[in-house]
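**Student:** Could you look at this predicted model? Sequence included:
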Amino acid sequence: MNRPMRRQDRAVTDPETINAVIDACPHCSLALCDQGRPYVVPLDFGHTVADGRHIFYFHGAPEGRKIDLIRETGWACVQMSEGHRIRGNGSVACTYTSDWRSVIAEGPIEEVTDLEEKRAALLAIMAHATGRTDWSFPEAALEKVCVTRLTAKTLTCKEHT
């Protein structure tokens, strides 16, 4: 069920601004469901847009709780935020607020097995983390690492400034 954002006055809908917010976020949290209970993992990520869809890439070990849940459920949510700043003055707490920008996306998540897509995904992750795109990946490393892809079915971007 896709619920509408409560504070529509804070919604960001411009695609370039949404991409800028994603680019500014240093990391994300991946939320998965483990037998009806939440499981959240902080991760580095890469991001691309293809055919108007936001695609998020993650990497990690080929075994463990995270990949087990991805394989079991095939669905996840990713959250990221940036620009957090408290502002206000005086001694009354209710006169304070905070500035921030955030993105929440959810959709199917799956392993990437194609070596060229893995390479592109790892380049996107490294570009986001370092700003560089001149990385090389030995084929043995590509075969060993587990890369996953979340294709956003829904994505909301919100800001309070």
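**Tutor:** That came in fine, so what should we check first?

**Student:** Okay, now stretch 125-140: how far is its last residue from its first?
**Tutor:** Distance between the two ends of stretch 125-140: 18 Å, counting by CA to CA, to the nearest Å.

**Student:** Please name the residues that touch N89.
**Tutor:** T95 (CB atoms under 8 Å, 6 or more residues apart in numbering). All C-beta atoms are positioned from the backbone trio N, CA, C, and that covers glycine.

**Student:** Show the model's pLDDT score for it.
**Tutor:** In this model, N89 is scored at 83, pLDDT.

**Student:** Assign it to helix, strand or coil.
**Tutor:** Taken by DSSP: H, G, I helix; E, B strand; the rest coil, the conformation at N89 corresponds to coil.

**Student:** and it, backbone torsions?
**Tutor:** When quoted as degrees, to the nearest 10, the phi and psi of N89 stand at phi -150, psi 160.

**Student:** Distance-wise, check it relative to G83.
**Tutor:** Counting by CB to CB, to the nearest Å, the gap from N89 to G83 is 20 Å.

**Student:** Run me through the strand neighbours of the helix or strand where I109 lies, direction for each.
**Tutor:** Here I109 sits within strand 97-112, counting by DSSP states H and E. Here strand 97-112 has these sheet partners by DSSP bridges: strand 75-87 (antiparallel), strand 146-151 (antiparallel), strand 154-160 (antiparallel).

**Student:** Output the second one as CSV, restricted to C-alpha atoms.
**Tutor:** If I follow you right, that is strand 146-151. Presented in CSV, the C-alpha positions along strand 146-151 are these (Å, rounded to 0.1, in the frame of the first residue of the first chain):
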residue,chain,number,x,y,z
CYS,A,146,27.8,-9.9,-3.8
VAL,A,147,26.1,-6.9,-5.4
THR,A,148,22.4,-6.1,-5.0
ARG,A,149,20.1,-3.8,-6.9
LEU,A,150,17.0,-2.1,-5.5
THR,A,151,14.7,-0.7,-8.3
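
**Student:** which parts of that strand are buried?
**Tutor:** Neighbour counts over strand 146-151 (16 or more other CB atoms under 10 Å) mark 146-150 as buried.
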